[in-house]
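Q: got a sequence here, can you build the structure:
(2 chains)
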Amino acid sequence: MQTMVLFKKEFQQYQKEMKLIWLPILCIFIGLSQPIMLHFLPDILASMGGSEGLVIQTTTQTGNEVLANVIGAQFDQLGLIVIVMTFMGLVLAEKENGMLDFILTRPVSATSYIASKWLASFSFLIVSLLIGFMASVYYTDIYFSAVDLGLALSAILCYLLWIGFVMCLVLMCSTLLNSQGVVALVSLAVAFLLKVLTGLHLPINRFNPASLSTQAANKLLTGETSTDLIWQVMATFVLSFVLIYVSIKWIQKKNYQLKS
Amino acid sequence: MTLMKIELKQVSKSYQQKEAVKHFSLSIAPNDCIGLIGPNGAGKTSLIKMIVGVLEPTSGTILIDGEVIEKRKDTIGYLPQTPQFFSWMTAEETLSFMGQLSHMTPAELVREIPLVLEKVGLKGEEKTKIENFSGGMKQRLGIAQAILHHPKFLVMDEPVSALDPIGRREVLDILTEIKKETAIIFSTHILSDANEICERFCFMKQGEKILDQTVDEMLENEASDQLVITYKGAIDLFLKELKKEQAVKNIVVRGHQLMLTVENLEQNKIPILQQLIACQVDLLSYSIQREDLEEIFFKKVGVSLANNGAF
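A: This is a model prediction of the structure:
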């Protein structure tokens, strides 16, 4: 009940802050940039002039290859930065303006508060990213080749699991830390560190949530995922739960007070 | 009606090396109206935040009707020093949001919101966005959200300190009405505000409770006669001499009036007045008066020459 009241408030806030409009638009922009850029790259270079003697060899990419790049190079880089910047004040803003105190003097549990924050932000992100991804699928289908929708959906599902973990990370940083800049910095540093680890072929990647993003790209490229997927999914769930648990405990222990 | 109580037992709060509240015990009954009085930094805000459950005591317990606060939050209404709301919400939306968090049903909200807005003088502002509210209006909305769910206890942290005289008067009048049906505990460093609505005072100094009595008890037990001297000109030399006097227990200077708490006043007043003449102070008049609450406060918190009249 309380979770739903807070959940509704979050969406009202997204609406008043125009996030409901600009975040999906930004996701569409991120989703479209890869297929459109690849398609029009030769025209763009030609229109810039001064390219006499320059030979550009572009390989014809399949729709699935383009989409794999959309996930791996666009959503998982620029997208991550946008997500962290958008939600870094998730809890911190209410710590700073005193609304968290106000809310918690009501019969509201820390669990309800954190759950509402995570559910609202993640569900909004799922919708925004899906809109951006579907726009990407549409244009990839037009400019390149038909996209296997089944593969695309399983790929985006893998990616969304990773994003769910990133949201838990941002939520925890926003709960524990007292500066939006530090929240953004720590969240991005951890997320990109995990992404870098995926390229190093270490055994730890079997439990690395960032590997889900690689799995998503592989699924589109090869139609298959590695056998580690189940471990990565389980590890993502466990780690996400730990991050949420720490946030709840932090609020329960009233450690969030910025000053007395 | 059950006699619900808030019981604070040996409550302490430390921040790293500083102890903000020290072994504080207090019992708040349903019909109490308690003024928590102390200078800035006395630990009032920390104590208030512990009572409403947003700060965890380092030691000690706070129980409402024998249960921990977490289980009885519905019995408390809270107004922080400078209430902040979501600026994009209207007054009505804010009250609806806070009411829903207190488990109020839609029917209750429809019934109670207009009543409470009228009570705090915000009738007609239902649809006004909070970003357009003045400080006084926000304070009144803060009171409205605090009493909306009919709490047994209304806990307020310096509710009028940040307001101009008109806003202060309006809020004090509202509180006078509210105390008829709700127990009130509020902190302030302005004694006259507390004196207007409270029957019981709790003086705090450096995190400690130094006095907890009703106004009548305080005047009977703590007030003593004092020598009030009205003078003209400089008194620095006389004050220096007074500080050496063992019998002079407290000195307060207000404008051209000097209020002295003196041991064995009848016996010691003549030597003091003689000293005054010797120091060439231009004496206009003198009288013996009973100490009022303010003087008791100054005496108890140890404020005298250095910062008298500051409260």
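Q: any idea how far B:D74 is from chain A?
A: 5 Å (C-beta to the nearest C-beta, to the nearest Å). Where you see a C-beta, it was placed from the backbone N, CA and C, and this is true even at glycine.
Q: ugh, wrong one, B:A146
A: Here the criterion is C-beta to the nearest C-beta. By it, B:A146 lies 9 Å from chain A.
Q: contacts only, for that residue.
A: B:G77, B:Y78, B:L79, B:L154, B:M156 (C-beta atoms under 8 Å, 6 or more residues apart in numbering or on different chains).
Q: in JSON lines: the residues you listed, plus pLDDT.
A: Listed next are those as JSON lines, based on pLDDT from 0 to 100:
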{"residue": "B:G77", "pLDDT": "93"}
{"residue": "B:Y78", "pLDDT": "93"}
{"residue": "B:L79", "pLDDT": "91"}
{"residue": "B:L154", "pLDDT": "93"}
{"residue": "B:M156", "pLDDT": "92"}
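Q: which residues touch stretch B:251-267?
A: By C-beta under 8 Å, 6+ apart, the list of residues contacting stretch B:251-267 from outside reads B:224-232, B:235, B:239, B:242-243, B:246-250, B:268-269, B:272, B:284, B:288-289, B:291, B:295, B:298-299, B:304-305, B:308-309.
Q: chain center to that stretch, what's the gap?
A: 26 Å (C-alpha atoms, centre = their mean, to the nearest Å).
Q: measure that stretch end to end?
A: 18 Å (C-alpha to C-alpha, to the nearest Å).
Q: return the set of buried residues in it.
A: Neighbour-count burial for stretch B:251-267, with 16 or more other C-beta atoms under 10 Å in any protein chain shown as criterion, is recorded at B:I251, B:V252, B:V253, B:L258, B:M259, B:L260, B:T261, B:V262, B:L265.
Q: any idea how far the most far-flung residue of chain B relative to its centre lies from chain A?
A: What lies farthest from the middle of chain B is B:A278; by C-alpha atoms, centre = their mean that is 41.4 Å. Computed as C-beta to the nearest C-beta, the B:A278 to chain A distance reads 50 Å.
Q: what of B:L141?
A: 12 Å.
Q: correct me, but that residue touches B:F86?
A: No: with contact defined as C-beta atoms under 8 Å, B:L141 does not reach B:F86; the gap is 11.6 Å.
Q: those two: which has the busier surroundings?
A: In this view B:L141 and B:F86 are compared by other C-beta atoms under 10 Å in any protein chain shown, and B:L141 has more residues nearby, 25 against 20.
Q: re the thing from before, any common contacting residues for B:L141 and B:F86?
A: Common neighbours of B:L141 and B:F86, using C-beta under 8 Å, 6+ apart, are B:T94, B:I130.
Q: pretty sure A:G63 is touching A:S145, no?
A: Yes: using C-beta under 8 Å, A:G63 is in contact with A:S145, at 4.3 Å.
Q: comparing these two, which residue is more hemmed in?
A: Neighbours were counted for A:G63 and for A:S145 using other C-beta under 10 Å; A:G63 has more, 22 against 15.
Q: how about the residues of the stretch 201-311 of chain B near chain A?
A: Counting by C-beta under 8 Å from any C-beta of the partner chain, no residue of the stretch 201-311 of chain B lies close to chain A.
Q: now, the contacts of stretch B:251-267 that are in strands?
A: Members of the contacts of stretch B:251-267 lying in strands (criterion: DSSP state E): B:225-232, B:248-250, B:284, B:288-289.
Q: report the two of the residues you listed separated the most.
A: B:K232 and B:K249 (25.3 Å; C-beta to C-beta).
Q: pLDDT weak spots in the chain?
A: I went with chain A, as the question did not name one. Filtered on pLDDT under 70, chain A yields the residue ranges A:49-59, A:257-260.
Q: the chain in question should be chain B.
A: For chain B, residues meeting the criterion pLDDT under 70 lie at B:1-3, B:302-311.
Q: domain map for it?
A: What the TED database lists as the domains of chain B is B:6-220, B:224-290.
Q: distance-wise, check the nearest residue to B:S14 once chain neighbours are set aside relative to A:V91.
A: Distances taken as C-beta to C-beta, 6 or more residues apart in numbering or on different chains put B:T58 closest to B:S14, at 4.7 Å, once the chain neighbours are dropped. Remark: distance between B:T58 and A:V91 (C-beta to C-beta, to the nearest Å) = 24 Å.
Q: next one: A:A120
A: Look at A:A120 and A:V91: by C-beta to C-beta, they are 12 Å apart.
Q: comparing the two, which residue is more hemmed in?
A: The neighbour count for A:A120 versus A:V91, taken as other C-beta under 10 Å, is higher for A:V91 (26 against 20).
Q: is it true that that one touches A:T175?
A: Yes: counting by C-beta under 8 Å, A:T175 is a contact partner of A:V91 at 4.6 Å.
Q: list residues touching both of these two?
A: Contacts common to A:V91 and A:T175, judged by C-beta under 8 Å, 6+ apart, are A:I114, A:S247, A:Y256.
Q: need the contact list for the residue in the stretch 151-260 of chain A that chain B sits nearest to.
A: Residue nearest to chain B within the stretch 151-260 of chain A: A:K254 (4.5 Å; C-beta to the nearest C-beta). Counting by C-beta under 8 Å, 6+ apart, A:K254 makes contact with B:V54, B:L55, B:E56.
Q: OK, contacts around residue 219?
A: Unless you meant another one, I'm taking chain A. A:K219 neighbours (C-beta under 8 Å, 6+ apart): A:L151, A:S154, A:A155, A:C158, A:T225.
Q: that's the wrong chain, I wanted chain B
A: When contacts are counted by C-beta under 8 Å, 6+ apart, B:L219 is found next to B:R290, B:L293, B:I296.
Q: host element of it?
A: helix B:215-221 (DSSP states H and E).
Q: nothing else from me, thank you.
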